[in-house]
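Peer 1: quick one, what's the 3D model for this:
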Amino acid sequence: MRALPMAETPSVQRWLTLIGIGEDGPAGLGDEAKRLIASSPVVFGGMRHIELMSSLISGETHQWLSPFEKSVEAVLARRGNPTVVLASGDPFFYGVGATLSRHIPAVEMTVIPAPSSFSLAASRLGWPLQETTVLSLHGRPIDLIRPHLHAGRKILALTSDGEGPGTVASLLQSSGFGPSELTVLEALGGAHEKVSRQTAADFALSDVNDLNICGIEVKAEAGARILPLSAGLADELFEHDGQITKREIRAMTLSALAPRYGELLWDIGAGSGSIGIEWMLADPSLRAIAIEASPERAARIRRNAGNFGVPGLVIVEGEAPAALSGLVAPDAIFIGGGGSDAGVLEAAIVELKSGGRLVANAVTTEMEALLLAEQARRGGSLIRIDIARTAPVGRMTGWRPAMPVTQWSWTKP
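Peer 2: Sure, this is the predicted structure:
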């Protein structure tokens, strides 16, 4: 959705009322909520919301439009005039309230929330919400669930439709979590509420209500694809052709990049995409753009991003520095491949935000010479990373050194 202006507030007037409703319709509302719906000249909501409240509504009804931006504009056009917006459950928990609040100050709203579907699901299952991972897969890639798949974890996942639970079960089974207990909670709070429980491996439900949440008690088989919570994931978890920042170097690189809430990373010469992927795994607010010249590697990065549960990783095919033109300015930059090519490092430094961090790794003498010169010119820190691994030496074992890595870390003034 394109950015719409935040409305100015010349005086406080609560003209917009957001009312959360459940599957039980008017029966679940208090008297004040019923009065506000009945007296409002205009009511916005989804088709299901309007149908549920039809016995109360006396004014005009406006169903949500596609794209949703059109409906936001229609609501904004009524600024100062009494307006009701109907929402599912809690409007500010994966709801329309979060969208409208970007354009309408809270002082202009009256909000009457109802229990969210997550709260209802937790109450049916007896799961403390503060100990449960809550995830919306509604209209979002199902791969987002992958980083949360750890044995013993409890997950509540809102799906898009009746096919969602089966898709979740298939992903669990194919990833080594077939024994996981999967509870499907349908149409919670209404006359058609239904709760069914199966293992992911034996999942066979059909005709599932489009309004459903999956409660997952994660159980892992031997060899399940578990993504550890630490930086420096095993190289074997990534699909790669050898062009990958190795595990130990990657952990040190991510430490130097020092991701912070909401930041954007450029991964220049991304190879397998491992740095950008682990950057995004550190926190859901983090974003990354992988710049990669090879179409084959770019396709591989895309597959890796899905398999690691960060499908939002943006991939730009092209050679730096030309491929950097027009991209959103980054808070941090990593240069792992192609850094010695003419103009790449200079362009990265120009585009980096003030206060942003740049980390560049060198394994060739040409790139190392460039980093030494930049450190002498601009400052920052240089470290040399030497890693050795055990390997067979005849019938015995010895240390086999990997190529040393020179790393330059610099913060732009």
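
Peer 1: roughly how far does the residue most central in space within the chain sit from G25?
Peer 2: The centre of the chain sits closest to P284, judged by Cα atoms, centre = their mean, with a distance of 4.8 Å. For P284, the distance to G25 (Cβ to Cβ, to the nearest Å) stands at 34 Å. Where you see a C-beta, it was placed from the backbone N, CA and C, and this is true even at glycine.

Peer 1: can you check Y261 too?
Peer 2: Distance, Y261 to G25, using Cβ to Cβ: 40 Å.

Peer 1: please say which of the two ends up with more neighbours.
Peer 2: G25 (18 against 9; other Cβ atoms under 10 Å).

Peer 1: so that one sits right up against H49, yeah?
Peer 2: No. Counting by Cβ atoms under 8 Å, G25 stays clear of H49, with 9.6 Å between them.

Peer 1: got any residues that touch both of the two?
Peer 2: In terms of Cβ atoms under 8 Å, 6 or more residues apart in numbering, G25 and H49 are not both contacted by any residue.

Peer 1: per-residue pLDDT, the residue nearest to the centre of the chain?
Peer 2: We have a pLDDT of 96 for P284.

Peer 1: sec struct for I244, please.
Peer 2: Counting by DSSP: H, G, I helix; E, B strand; the rest coil, the backbone at I244 sits in coil.

Peer 1: how close does it get to S40?
Peer 2: The value you get for I244 to S40, if Cβ to Cβ is used, is 58 Å.

Peer 1: excluding covalently adjacent residues, which one is nearest to E263?
Peer 2: D331 (3.8 Å; Cβ to Cβ, 6 or more residues apart in numbering).

Peer 1: pLDDT wise, what is the one you found at?
Peer 2: 98.

Peer 1: and G337, by the same measure?
Peer 2: pLDDT recorded at G337 is 77.

Peer 1: I figured it hits G271, correct?
Peer 2: Yes. With contacts counted by Cβ under 8 Å, G337 reaches G271, the gap being 5.6 Å.

Peer 1: what do those two both touch?
Peer 2: Q243.

Peer 1: quick one: low-confidence ranges for the stretch 101-250 of the chain?
Peer 2: In the prediction, the stretch 101-250 of the chain carries no residues with pLDDT under 70.

Peer 1: ok, which stretches of this protein are helices?
Peer 2: For the chain, applying DSSP state H gives helices covering 31-39, 47-52, 68-76, 96-100, 117-125, 164-174, 247-257, 274-281, 295-307, 344-351, 365-378.

Peer 1: need the winner for burial among those.
Peer 2: Neighbour counts (mean count of other Cβ atoms under 10 Å) averaged over each of the helices of the chain peak at helix 274-281, with a mean of 26.

Peer 1: what's that helix packed up against?
Peer 2: Applying 3 or more Cβ pairs under 8 Å, 6 or more residues apart in numbering; DSSP states H and E, one finds that helix 274-281 makes contact with helix 247-257, strand 264-268, strand 287-292, helix 295-307, strand 332-335.

Peer 1: just the residues contacting the first one, thanks.
Peer 2: Put plainly, it is helix 247-257. By Cβ under 8 Å, 6+ apart, the surrounding residues in contact with helix 247-257 are 230-235, 245, 265, 274-275, 278-279, 282, 332, 334, 336, 357, 359, 361, 385, 387, 405, 407, 409.

Peer 1: next: the third one.
Peer 2: For strand 287-292, the external contacting residues (Cβ under 8 Å, 6+ apart) are 262-271, 273, 276-277, 279-280, 298, 301, 310, 312-318, 320, 323-324, 327-328, 330.

Peer 1: which of those residues count as buried?
Peer 2: The neighbour-count test (16 or more other Cβ atoms under 10 Å) marks 263-271, 273, 276-277, 279-280, 298, 301, 310, 313, 315-316, 320, 323-324, 330 as buried among the contacts of strand 287-292.

Peer 1: so who does L29 touch?
Peer 2: In this structure, L29 makes contact with 19, 21, 37, 114, judged by Cβ under 8 Å, 6+ apart.

Peer 1: widest-spaced pair of the residues you listed?
Peer 2: I37 and A114 (12.8 Å; Cβ to Cβ).

Peer 1: need the residues touching each of the two.
Peer 2: 19, 29.

Peer 1: thinking again about what came up before, just the contacts of L29 now: which is nearest S71?
Peer 2: Distance to S71 across the contacts of L29 (Cβ to Cβ) is lowest for I19, with 16.0 Å.
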